[in-house]
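Undergrad: this is a predicted model, with the sequence first.
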Amino acid sequence: MMSDGYDDEQKKLKASVAELNAFIETAEQKTADVNSFIKVVRKYEHITELTEKIVIYAPDKSSGHRTQDIEIHFRFGVAVASAVADSRDYDKKRKAA
């Protein structure tokens, strides 16, 4: 009878060990995630340099209408968007067709 009680206790303890190991792994992962987040926050906490910019070039009137190039440089150097503003598209004096 003692042997049966011992075996039951061992099974319960092994199950508890498995549960506790899973809990510890989850807690360690959460701690690692929090530490990674804190590193990112500290990196951008005191920004000393602006990484976004908009460049507007001088207008060009050589074609008889005004065009102007515009570039938008996004954060972290991920992408650059370009656009051309053309006075023909925004001419208020032109009559609607």
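TA: Yep, that arrived. All values reported here derive from a predicted model rather than from experimental measurement.

Undergrad: so, low pLDDT: which residues of this structure?
TA: The chain contains residues with pLDDT under 70 at 1, 76-78, 90-97.

Undergrad: strands of that one, residue ranges please.
TA: 53-56, 67-73, 80-86 (DSSP state E).

Undergrad: buried residues in the second one, which are they?
TA: Using 16 or more other CB atoms under 10 Å as the burial criterion, the residues of strand 67-73 that qualify are residue 67. Where C-beta positions appear, they are placed from N, C-alpha and C, glycine not excepted.

Undergrad: mind giving me the packing neighbours of it?
TA: Counting contacts by 3 or more CB pairs under 8 Å, 6 or more residues apart in numbering; DSSP states H and E, strand 67-73 is packed against strand 53-56, strand 80-86.

Undergrad: that strand vs strand 80-86, what angle?
TA: Interaxial angle of strand 67-73 relative to strand 80-86 (axes from the mean of the first three to the mean of the last three CA atoms, to 10 degrees): 160 degrees.

Undergrad: quick one: distance of strand 67-73 to the chain centre.
TA: Offset of strand 67-73 from its chain centre (CA atoms, centre = their mean, to the nearest Å): 25 Å.

Undergrad: quick thing: my sequence starts at 133, can you match it?
TA: With 133 as the first residue, the last one maps to strand 199-205.

Undergrad: can you list the domain ranges for this protein.
TA: Following automatic domain parsing, one gets these domains for the chain: 133-179, 185-222.
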